[in-house]
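Visitor: how would this look folded up:
(2 chains)
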Amino acid sequence: ETGVTQTPRHLVMGMTNKKSLKCEQHLGHNAMYWYKQSAKKPLELMFVYSLEERVENNSVPSRFSPECPNSSHLFLHLHTLQPEDSALYLCASSQVNFGDTQYFGPGTRLTVL
Amino acid sequence: SQQGEEDPQALSIQEGENATMNCSYKTSINNLQWYRQNSGRGLVHLILIRSNEREKHSGRLRVTLDTSKKSSSLLITASRAADTASYFCATEGGSYIPTFGRGTSLIVHP
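Guide: Have a look, this model is predicted:
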């Protein structure tokens, strides 16, 4: 256990559905991240929140909408996804300090039909 | 891009052998980290080496960093079947946000 939990662990959704991924960290960290991991591709950074403010948004399509209500919780709201959005979505947290370690959750395996 | 690139992409060895994987990057860094990922799971941090360090050890892991060649290596000694996983390097060069490579897939046969 890394202290970062993600729910659900698996999600299958149609292209017209709306769903949300949840991440919670119990480490007292002040930065949280969403990553997308597709087969044969490097880990793609999607969003970064530092002290509950979004500081990074790597040209992610608007069908992905993050929310960070407090420093312990991070959501990724999904709507009208495409089959190519099927991937493992990983949440991570860290302290906003020089070169600190990231702690990852177990991921949500998303399949878009 | 300072994204690290791991080499080889895949490595298959017998239990008890040593496994070496390399990471190369393009621009100067503050630190470099190695992570491990079991199939379909989250990444687990293994070791961090700062730009002013040349070598670090942690149990059966040995990491080296050569900033002149912009490369790092991860050595796993006396490998075990449980070491089977993907290994990623992540470079950080000015922000607190690391950049990950594609990873090396290691298979250790019992």
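
Visitor: Torsion angles phi and psi at A:N30?
Guide: phi -120, psi 10 (degrees, to the nearest 10).

Visitor: Show the contacting residues for it.
Guide: Counting by C-beta atoms under 8 Å, 6 or more residues apart in numbering or on different chains, A:N30 touches A:S50, A:L51, A:S71, A:Q95, A:V96. To be clear about C-beta, it is placed using only N, CA and C from the backbone, and glycine gets the same treatment.

Visitor: can you list those in CSV and add pLDDT?
Guide: Formatted as CSV, the contacts of A:N30 follow (pLDDT from 0 to 100):
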residue, pLDDT
A:S50, 85
A:L51, 79
A:S71, 90
A:Q95, 85
A:V96, 73
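
Visitor: Identify the bridge partners of whichever residue of chain A sits closest to chain B.
Guide: Distances between chain A and chain B by C-beta to the nearest C-beta are smallest at A:F104, namely 3.5 Å. Here A:F104 sits in beta bridges with A:A92, as judged by DSSP bridges.

Visitor: wait, it sits on B:N38?
Guide: No: assessed by C-beta atoms under 8 Å, A:F104 is found out of contact with B:N38, at 11.3 Å.

Visitor: Common neighbours of the two, please.
Guide: With C-beta under 8 Å, 6+ apart as the test, A:F104 and B:N38 both reach B:V44.

Visitor: Pick out the residue of chain B closest to chain A.
Guide: B:G42 (3.5 Å).

Visitor: that older thread, quick one: which of A:F104 and B:N38 has more around it?
Guide: A:F104 (24 against 13; other C-beta atoms under 10 Å in any protein chain shown).

Visitor: Run through the residues of chain A sitting next to chain B.
Guide: A:2, A:4, A:6, A:31, A:33, A:40-43, A:45, A:48, A:56, A:88, A:90, A:92, A:94, A:96-107, A:109 (C-beta under 8 Å from any C-beta of the partner chain).
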